[in-house]
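Enquirer: build me a model from this:
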Amino acid sequence: MKKGDIILIVVVLAAAALLYFSGILSPGGKGAEAQVYVDGQLKETIDLSKDGEYTFETENGVNTLKIENGEAKMISADCPDQICVNHSAVSKENESITCLPHKLIVEIHGGEKSHVDVVAQ
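Expert: Residues are numbered from 1 along each chain as shown. Below you'll find the model as predicted:
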């Protein structure tokens, strides 16, 4: 190994430790909620234990989010690509649904830790 390789490994391990101990990679337990951001601003926090439908109108379009059985799913959007609508339901810590054309992000906080470390295709 070269000196540069060792330095790179140390930096990566230090960054991982920092993220872990800051709470980003060591999520909490129950009490999951969906936080909805529009253009970077928190618009609403929704308890995942309460079923319902929520409509968000932005400058760029309209999205409808459905909360059911502890999961959040984007059920409609008037954006052209429909990626957010085709995204699977989210319920675990740090999972998210993003609608880029509408600048809308749904993030899950406080839920169960996901058992998946990495997904590669």
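Enquirer: what pLDDT does residue 96 get?
Expert: The pLDDT attached to residue 96 in the predicted structure is 94.
Enquirer: okay but it is in contact with residue 111, surely?
Expert: No - under the criterion of CB atoms under 8 Å, residue 96 lies out of contact with residue 111, with a separation of 11.7 Å. (Glycine included, C-beta is placed from N, CA and C.)
Enquirer: between these two, point out the one with more neighbours.
Expert: For residue 96 and residue 111, the more surrounded residue by other CB atoms under 10 Å is residue 111, and the numbers stand at 24 against 15.
Enquirer: tell me which element that one is part of?
Expert: Under the criterion DSSP states H and E, no helix or strand holds residue 111.
Enquirer: give me phi/psi at it?
Expert: Recorded main-chain torsions at residue 111 are phi -90, psi -170, according to degrees, to the nearest 10.
Enquirer: distance of it from residue 92?
Expert: Taking CB to CB, to the nearest Å as the criterion, residue 111 is separated from residue 92 by 5 Å.
Enquirer: what's the overlap in contacts for these two?
Expert: Common contacts of residue 111 and residue 92, defined by CB atoms under 8 Å, 6 or more residues apart in numbering, comprise residue 32.
Enquirer: show me whatever sits in contact with both of residue 96 and residue 111.
Expert: Residues touching both residue 96 and residue 111 (CB under 8 Å, 6+ apart): none.
Enquirer: give me the neighbour count for residue 92.
Expert: Based on other CB under 10 Å, the number of other residues close to residue 92 is 15.
Enquirer: next up, the contacts around it.
Expert: 32, 108, 111, 112, 113, 114.
Enquirer: now it: which helix or strand?
Expert: Per DSSP H and E: residue 92 is located in neither a helix nor a strand.
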